[in-house]
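Student: Predicted model, plus sequence, below.
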Amino acid sequence: MSIDFNSNYTMTIGGKGVTSPGTIDVMNPATGEPFAKAPDCTEAQLDEAVAAAKAAFKSWRNTPIEERQALVRKAGEVLAAHAEELSRLFTREQGRPVDAAKQEVLGGAQWLQAVSMMTPPTHVSEDSDTQRIETRYVPLGVICAIAPWNFPVTLSMWKVAPALVAGNTMVLKPSPFTPLCTLKIGELFRDIFPPGVLNIISGGDQLGPQMTSHPGFAKISFTGSTATGKAVLSSAAKDLKRVTLELGGNDAAIVMPDVDLDEVAQKIFFGAFFNTAQICVATKRLYVHESIYDGLRDRLAAIAKGVKVGDGTEQGTVLGPVQNKRQYERVMDLIDDAKANGLTMIEGAAVPEGGGYFIPVTIVDNPPESSRVVQEEAFGPVLPMLKFADIDDVIDRANDSDYGLAGAVWSKDEDKAVEIARRLETGTVWINQNLNLRPDTPFAGHKQSGFGIENGMEGLLEYMVPQAIYLAKA
Ligand code: NAD
């Protein structure tokens with residue numbers, strides 16, 4: 001199949017490529033200039049997409065699961081085969097350097113393949129002379145999938161893979177900031193799935209609310225900010241749509257005094273700043289034991305000075321721009337607030353000048369716990385580093401948040417680290433590693449970081465509902 005990855009971005013509705021009367025501009029965050037246009041889905045086209053998904057559901061739900069799994073697996077192969085072209089487009093719309101962009105596309109492919117090996121269980125509660133009681137899982141219907149801009153490919157595939165394996169059909173909307181790769185993936189998959197099984201639409205800010213209030217959806221699977229998640233949940237209430245919400249985080253990492261600083265500094269740095277710190281599960285509050293605080297701060301500062309921040313298409317760039325102007329302004333506002341309050345800031349390497357959304361890697365040196373940069377999710381390259389002396393105190397500080405997505409513990413004492421991990425109120429905890437997520441392991445935000453689960457068998461079952469069949473035997 002020959003696809004032009006540099007132009008002709010179309011939606012996929014009912015298995016066909018579709019343009020729309022209006023378009024939205026897609027910006028290159030490294031220049032701040034528009035470089036492409038994506039369709040701006042009309043309400044009538046949204047209706048068509050939902051109708052196509054609804055019509056396709058009738059036969060897709062009855063397609064044997066082995067066939068659905070095989071098609072999802074094929075989609076994974078096709079995605080992997082186009083990782084190179086997609087990664088170049090990815091860098092232009094998202095900003096991340098090309099090699100890391102390629103890893104994300106391959107990660108999406110890996111997810112499709114891994115989830116295609118999963119089969120929901122069937123439980124038999126009784127099989128006697130008098131009756132047989134069997135519970136199986138059945139699909140829900142048409143899924144409304146809404147994705148963010150920070151990991152546009154992987155986080156979309158986290159939804160596509162389990163929803164389709166489970167027998168649902170879908171209308172997927174990428175973020176208006178990063179619609180292009182997802183639209184091209186729709187084109188790549190157009191001949192794989194029967195028409196209407198996977199519809200992909202793009203549009204401006206009006207489209208998300210139009211989708212979540214659309215009566216044709218059985219469930220909403222949403223990844224994005226906690227504020228938007230709350231709006232989605234209240235919109236879903238009208239028709240009692242099922243929801244899965246993967247939301248924001250303000251993850252704490254706790255660094256114990258026994259670590260080897262040279263060994264961990266690099267890992268801790270990229271656990272906070274990879275993807276220009278635009279990761280829901282990035283370290284966003286770094287608590288360091290007072291006895292090693294200065295040593296770690298100086299090592300992180302040295303790494304920050306040596307890391308090239310720039311256009312992701314340039315050789316040697318490690319960190320790209322912030323993905324969009326809105327996010328750039330939000331991060332700059334937090335930095336300005338920290339400066340205005342006299343906090344000590346450590347800046348990394350200089351960033352390119354011009355229209356791109358570049359911000360230097362910034363470490364805030366032991367700010368008060370109550371400062372905005374500690375309390376709010378920055379979702380950009382500004383990291384507060386805080387001292388602690390007492391383990392009970394630091395666990396309380398780590399848990400004193402409305403968020404509960406992930407956390408990390410760094411220590412040579414594995415037993416002690418596990419004990420600390422178990423006391424953290426988050427859905428995922430890493431010990432001496434970070435940012436490691438797998439298709440077979442549930443990912444669930446605690447508190448206001450989420451509602452429901454993605455990944456693992458638990459994540460697959462979120463796209464299904466149990467049906468118990470009681471058979472009386474003659
Ligand atoms: P966002 O909430 O602004 O947007 C996410 C998506 O929702 C976009 O597609 C957007 O167009 C759409 N949207 C916006 N308003 C809507 C509404 N009222 N109704 C329905 N849809 C609407 O989030 P973002 O800025 O794209 O992403 C950053 C946030 O996402 C951060 O808070 C980050 O922590 C979080 N995030 C969470 C996870 C996770 O798995 N928990 C993963 C990645 C990002």
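Tutor: All right, it came through fine.
Student: switch to C-alpha atoms for all contacts and neighbour counts from now on
Tutor: Will do.
Student: Low-confidence regions, this protein specifically.
Tutor: Applying pLDDT under 70 to the chain flags the ranges 1.
Student: Enumerate the residues of it near the ligand.
Tutor: 146-149, 174-176, 205, 208-209, 212, 223-226, 228, 231-232, 246-249, 279-280 (C-alpha under 6 Å from any ligand atom).
Student: So the closest residue to the ligand within the stretch 1-150 of the chain versus Phe222, what's the distance?
Tutor: Scanning the stretch 1-150 of the chain for the residue nearest the ligand gives Pro148, at 3.6 Å (criterion: C-alpha to the nearest ligand atom). Distance from Pro148 to Phe222, counting by C-alpha to C-alpha, to the nearest Å: 9 Å.
Student: Neighbour count: the two, which is higher?
Tutor: A direct count of neighbours by other C-alpha atoms under 10 Å for Pro148 and Phe222 places Phe222 higher, at 29 against 21.
Student: Determine the three-state secondary structure at the more buried one.
Tutor: Here Phe222 is recorded as strand under DSSP: H, G, I helix; E, B strand; the rest coil.
Student: residues touching it, list them.
Tutor: Ala145, Ile146, Ala147, Gly229, Val232, Val243, Thr244, Leu245, Glu246 (C-alpha atoms under 8 Å, 6 or more residues apart in numbering).
Student: distance of it from Glu454?
Tutor: Distance, Phe222 to Glu454, by C-alpha to C-alpha: 10 Å.
Student: same deal with Val26?
Tutor: 29 Å.
Student: cool, and Gly76?
Tutor: From Gly76 to Glu454 the distance is 18 Å (C-alpha to C-alpha).
Student: Kindly report the same for Leu140.
Tutor: 16 Å.
Student: between the two, which one's more packed in?
Tutor: Glu454 (28 against 23).
Student: Find the residue closest to that one in space, skipping its chain neighbours.
Tutor: Ranked by C-alpha to C-alpha, 6 or more residues apart in numbering and with sequence neighbours excluded, the top spatial neighbour of Glu454 is Phe443, at 5.2 Å.
Student: Check Ala36 too.
Tutor: Val26 is the one closest to Ala36 (C-alpha to C-alpha, 6+ apart), at 5.2 Å.
Student: follow-up on the earlier one: just to confirm, which helix or strand has the residue of the stretch 1-150 of the chain closest to the ligand in it?
Tutor: Using DSSP states H and E, Pro148 falls within no helix or strand.
Student: That one and Pro174 touch, don't they?
Tutor: Yes: the pair Pro148 and Pro174 qualifies as a contact (C-alpha atoms under 8 Å) at a distance of 6.5 Å.
Student: one step back: show me which pair in the contacts of Phe222 is furthest apart.
Tutor: Ala147 and Val243 (13.7 Å; C-alpha to C-alpha).
Student: What is the nearest of the contacts of Phe222 to Ile363?
Tutor: Nearest member of the contacts of Phe222 to Ile363, counting by C-alpha to C-alpha, is Glu246, at 26.9 Å.
Student: Which residues does the closest one form beta bridges with?
Tutor: Counting by DSSP bridges, Glu246 is bridged to Thr223, Gly450.
Student: Kindly confirm my reading that Asp311 is in a strand.
Tutor: No: using three-state DSSP, the secondary structure at Asp311 is coil, not a strand.
Student: Can you report phi and psi for Val394?
Tutor: Phi and psi for Val394, reported as degrees, to the nearest 10, are phi -70, psi -30.
Student: show me what contacts it?
Tutor: Ile254, Tyr287, Phe388.
Student: what's the distance between it and Gly407?
Tutor: Relative to Gly407, Val394 is positioned 13 Å away (C-alpha to C-alpha).
Student: Check whether the nearest residue to Ile346 once chain neighbours are set aside sits in a helix, strand or coil.
Tutor: Leaving aside its chain neighbours, Ile346 sits nearest to Ile363 (5.0 Å; criterion: C-alpha to C-alpha, 6+ apart). Put simply, Ile363 is strand when judged by three-state DSSP.
Student: in the sheet, who's paired with Ile363?
Tutor: Residues in beta-bridge contact with Ile363 (DSSP bridges): Ile346, Leu383.
Student: And for it, the neighbour number?
Tutor: Quick note: Ile363 (other C-alpha under 10 Å) scores 22 neighbours.
Student: what's the answer for Asp191, then?
Tutor: When neighbours are defined as other C-alpha under 10 Å, Asp191 has 13 of them.
Student: which ones are touching it?
Tutor: By C-alpha under 8 Å, 6+ apart, the residues touching Asp191 are Gly15.
Student: can you check Val153 too?
Tutor: Val153 neighbours (C-alpha under 8 Å, 6+ apart): Glu104, Val105, Gly108, Cys181, Thr182.
Student: Now that we have those, can you turn them into CSV and tack on neighbour count, distance to Leu188 and secondary structure?
Tutor: Below are these laid out as CSV (neighbours: other C-alpha atoms under 10 Å; distance: C-alpha to C-alpha, whole Å; DSSP: H, G, I helix; E, B strand; the rest coil):
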residue, neighbour count, distance to Leu188, secondary structure
Glu104, 22, 17, helix
Val105, 27, 13, helix
Gly108, 26, 14, helix
Cys181, 24, 10, helix
Thr182, 27, 10, helix
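Student: can I get these in TSV with distance to Gly427?
Tutor: TSV is the format used below for the contacts of Val153 (distance: C-alpha to C-alpha, whole Å):
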residue	distance to Gly427
Glu104	22
Val105	25
Gly108	22
Cys181	29
Thr182	28
